[in-house]
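[1] I would like the atomic coordinates for the input below:
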Amino acid sequence: MNPGDQFLHFRILSFLGRGNFGDVYRAENVRDQRMCALKIVRTGDGEEEQVKFEAEVYGAKLQKELADPEDRVVKVYDYGHEESAQCFYIEMEYVEGEDLAMVIRRPTGLPPIEIARIARDLCGLLEWLASTEVVHGDLKPRNIRLESATGRVKVLDFGIARALKETMVTMAFNSPAYTSPERLSTGKADCQSDLWAVGVIVYELMAGQPPFQAENREMLERRIRSHQPPAGLPAQYPEQLRRLVMRMLRRDPAERFASPAEARKAFEDYLQGIPAPDVGDETVRAPGAQYDADPTVRASQTSRVATTAREPENPRMVLARLSAAGFAVLIAIWIVMSAYGAYGKASDLAAEIAREQLKNPDEAWKRYVAIRDNTWFEFFLWPARRALKKQLTRGAEETINEYRISDTVTIFERHWRAANANLARALEIDPSDNNVKAELRLTEGHLSRIQCSSSAARRDGQIRQRYANAAVQQFSEAAQLRSRWPDPYLGLARLYAEEFVDMDRAVEALEKAQKNGHEPGNREKLQLASAHRRLVDRHWDESRKMRDIPDLEQQLLNRALGHCRQAGDLYQELGVFQSAVDQYKLLLKRCGEIQLRIEEVERPAVGAGQ
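    Below is the predicted model:
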């Protein structure tokens, strides 16, 4: 269907996405005058179509029942079968925001706190579903919406729940990438398989890709069932959060969280700053040897062994020992040669980087990863690690320094993205380097700041506010990780001036930048001047609404006039810098209007006094 098409009493507005069973549209219910998400499932006479149809009918009914007491489940308003069009429809509440699949595709990931909140809320929902003896069975990013107004998760698509609750589900009814090893082996789904899916989703939010990948479904299922754990999560995330997510994906179910309630509490503790207990692999020790109650017997046995003549050793045993020794020697030689080979390749890569024969950090990183993934002796890669880390951080620091010292616009979003990628790799090489962590947070802050001006943020104030708040957090973390560093405060000053129009905080941030060695330049002056001019316009607009209340109007006009003077002083200092002249002209025009209005407001008062 296309925008503008009519389906029953619904007007199609836009296409939202395609699921396993049907398409979802944003639509208007013209009969009941409400916005909705409309899912349309094509039906047919075949056995598979009939099974899907029955699953969707039961899923719609179940979702409608669950949404009444639980607001994390998307509400179902209505559903029905349209025989003439051979389709089944479900009318649901339209959740303004993004599904998690869209969030995962973002160039920059969510802050750790927001990821932990999503994990906590999903585990909390599973905890509640378990109390109602319901299993979702198809949790995946596309079935989870993130509400832009509140940041809450909303889960939909309970079409598989019927098959899971009443019969044994076939493998056609799941999404393999989010299916637990036990469910792949037995076909049985329970709250633990849903909990595994949440672990996969949260891993994907952090890593930007699923933990298990393969060329086809068969290989993917084999990979999930294997005992090989997924790759580690990016080091830029806190260790406690990484450990919680990796615990959810352990191959042995006994090593995972015992229940959704336990998982929810673990993420809740993380959000409250409570350290997680160390849940390592416990070694099961064999029971200790039993002591003989009669030491005399033991002594006599020892004496008898000592005085007995030694029998000749079996030649086969001698040969076996020699073979084992020879095998051990071969293994030792292989270890030495492999370590030496890895060290040699790492040294060659380091030399190429040092001689600037390999200037492209992306190419250098690919070479390093190829060496690392083909050796068990990562310790011997230290020459390449040291040289590559230096190259990666040097490139990122050039971007950071250029932004700090240049008054003109020379650093753009693509530069911050490249710096962010390089620093993430450098942190993977050395996760303990707080300076690299600080620089990584700084680049994240600038990327979030830039997203405040994206088309999506301009259309939706909630999205813009979330990006702005994320940028404040990222700049603040950068300042905490690295002391006596002006750069985070320059980012905060720009953010407070341009997004929050908070002059006090903007000036405070610039003062901290100055205290840490950066003298404010024309760029910072223009930011402050522009913010003052926006406040002039804001107070002027507010004063025009207060013309029936002269005291309030005059108060607002005086505030606007004060910002006029402050902005004017800054524009005069800037001279012909960038757009300062044009902005100054607009300011003078507005300030003239304000001055005239002040005189009009004060004139009757003067006449009354005479």
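
[2] And the closest residue to Glu439 other than its chain neighbours, which helix or strand is it part of?
    Nearest non-adjacent residue to Glu439, counting by CB to CB, 6 or more residues apart in numbering: Leu423, 5.3 Å away. Yep, even glycine has a C-beta here, placed from its N, CA and C like the rest. Assigned by DSSP states H and E, Leu423 falls within helix 413-429.

[3] Packing partners of that helix?
    helix 361-372, helix 382-405, helix 434-451 (3 or more CB pairs under 8 Å, 6 or more residues apart in numbering; DSSP states H and E).

[4] give me that answer again for 6 Å
    helix 382-405, helix 434-451 (3 or more CB pairs under 6 Å, 6 or more residues apart in numbering; DSSP states H and E).

[5] From the rest of the structure, what touches stretch 59-72?
    Outside stretch 59-72, the residues within contact range by CB atoms under 6 Å, 6 or more residues apart in numbering are Val73, Lys75, Val76, Tyr79, Ile90, Leu125, Trp128, Val153, Phe158, Gly159, Ala161.

[6] quick one, what contacts the third one?
    What it means is Val76. If you count contacts by CB under 6 Å, 6+ apart, Val76 has them with Ala60, Gln63, Lys64, Met92.

[7] among those, which are in helices?
    The members of those that map onto helices under DSSP state H are Ala60, Gln63, Lys64.

[8] Only the buried subset of those residues, as a ChimeraX command please.
    Buried members of these, defined by 16 or more other CB atoms under 10 Å, are picked up in ChimeraX with:
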select :60,63,64
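
[9] which among the ones in helices among the contacts of Val76 gets closest to Ala354?
    When the ones in helices among the contacts of Val76 are ranked by distance to Ala354 (CB to CB), Gln63 comes first, at 60.8 Å.

[10] Check the gap between that closest one and Cys36 for me.
    Computed as CB to CB, to the nearest Å, the Gln63 to Cys36 distance reads 14 Å.

[11] Arg42 now?
    Distance from Arg42 to Cys36, by CB to CB: 19 Å.

[12] Let me know the pLDDT of Ile353.
    What the model reports as pLDDT for Ile353 is 89.

[13] Quick one: work out the angle between the helix holding Leu423 and helix 382-405.
    150 degrees (axes from the mean of the first three to the mean of the last three CA atoms, to 10 degrees).

[14] Nearest spatial neighbour of Leu244, chain-adjacent residues omitted?
    Leu244 sits nearest to Ala266 (CB to CB, 6+ apart), 5.4 Å away.

[15] And Ala364, by the same measure?
    Spatial nearest neighbour of Ala364, excluding adjacent residues (CB to CB, 6+ apart): Leu358 at 5.1 Å.

[16] more crowded one of Arg42 and Cys36?
    Set side by side, Arg42 and Cys36 show more neighbours around Cys36, with 22 against 14, by other CB atoms under 10 Å.

[17] Residue ranges in this structure under the pLDDT threshold?
    Low-confidence segments of the chain (pLDDT under 70): 19-20, 44-49, 159-174, 278-324, 327, 334-338, 340, 377, 604-610.

[18] buried residues in stretch 247-257?
    By neighbour count with 16+ other CB under 10 Å, stretch 247-257 contains the buried residues Arg247, Met248, Leu249, Arg250, Arg256, Phe257.
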